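In: Show me how the following folds:
(one chain, ligands or ions: 1)
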Amino acid sequence: MLVPWFIRDIVNIIKLKASDKTKINFGCGYKPIPGWLNTDGGDGRIFSPPKLPGIINLDVWKFLKHVQDDSTKFISSEQFFEHFDRQDGFKMIQEWYRILKKDGVLRIQTVDLEKEILVYLDKCEGVSWEKDVLPHRLKHIEHSTDSYCKLMPGEKYVRAMLLNNGFHMDGHRFIYDFESIKMSLERAGFTDVKRVEFGKSDHPQLQGIDYHDGGKTGRHWIPKNVLLVEATKK
Ligand SMILES: C[S@@+](CC[C@H](N)C(=O)[O-])C[C@H]1O[C@@H](n2cnc3c(N)ncnc32)[C@H](O)[C@@H]1O
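Out: As a prediction, the model looks like this:
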């Protein structure tokens, strides 16, 4: 039976209000973090809300509207932040700041502009454009409905497509480097903004939560390729 969207929203808002909000994972897709409150509402275009038990299926702005100030200690988002333009990205950082308690920590994993360029130049340490990235991109475009990915007859996948897909693929809206994401985080009030390593953190709650470890996804080069940042609300 098809449930109208507003009924679905009400059910999810009730679920959200009753949930433990100590650790929230935004844009979880089909990779919820066990023991966290996971949320994903789809993007209304490419991604549908994941049908998994326990996930709050709400658009991120609706979700945030129903979370009070100073509610959470840890926020994580993996491969999600790049789906918003810089203005909305900043708005989201402000919202994340608002819902974090004092000393709460935000962890963002996103596409790294600098490393995409290094891959384009074949200068990204431990990542070969031809051996690592190209086979993955070819597999990805086969399944994608995104016009940016589509090869026209007689074409092969070339590096310019890598960079353009980095910007547009799967609904990407803005690709950050450390300097630009740090600026947004500090403008919103975050301090102690630092680049961190894949799978690692000074906070035990944030250790080992990154999904795209290459083991499960087959993308062994991802840990060397993504931008991982942590920031604290003092
Ligand atoms: C590339 S996927 C990442 C999924 C997962 N975190 C991972 O690393 O595999 C981006 C996710 O962001 C979600 N998303 C995009 N825009 C959203 C919005 N406005 N509200 C809620 N979720 C959104 C999509 O539904 C999608 O599952």
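In: other SSEs contacting the helix or strand harbouring Ile117?
Out: In the assignment (DSSP states H and E), Ile117 maps to helix 113-120. With contacts defined as 3 or more C-beta pairs under 8 Å, 6 or more residues apart in numbering; DSSP states H and E, helix 113-120 has these neighbours: helix 159-168, helix 222-225, strand 226-232. In short, each C-beta sits where N, CA and C put it, glycine included.
In: looking at the ones you listed, which one has the lowest mean pLDDT?
Out: Taking the average pLDDT of each of the helices and strands packed on helix 113-120, the minimum falls on helix 222-225, with a mean of 82.
In: For that one, C-alpha coordinates in CSV please.
Out: The C-alpha coordinates for helix 222-225 follow below in CSV (Å, rounded to 0.1, in the frame of the first residue of the first chain):
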residue,chain,number,x,y,z
ILE,A,222,39.2,5.8,-1.3
PRO,A,223,41.0,6.3,2.1
LYS,A,224,43.8,8.1,0.3
ASN,A,225,41.5,10.1,-1.9
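In: when you scan that helix, is anything in it near the ligand?
Out: No: residues of helix 222-225 contacting the ligand under C-beta under 6 Å from any ligand atom: none, with a closest distance of 9.8 Å.
In: What are the contacting residues of that helix?
Out: 112, 115-116, 119, 124-127, 197-199, 210, 212-214 (C-beta atoms under 8 Å, 6 or more residues apart in numbering).
In: Identify, from those, the entry nearest to the ligand.
Out: Distance to the ligand, by C-beta to the nearest ligand atom, is smallest for His212 among the contacts of helix 222-225, at 6.0 Å.
In: contacting residues around the closest one?
Out: His212 neighbours (C-beta under 8 Å, 6+ apart): 78-79, 109, 219, 222-223, 226.
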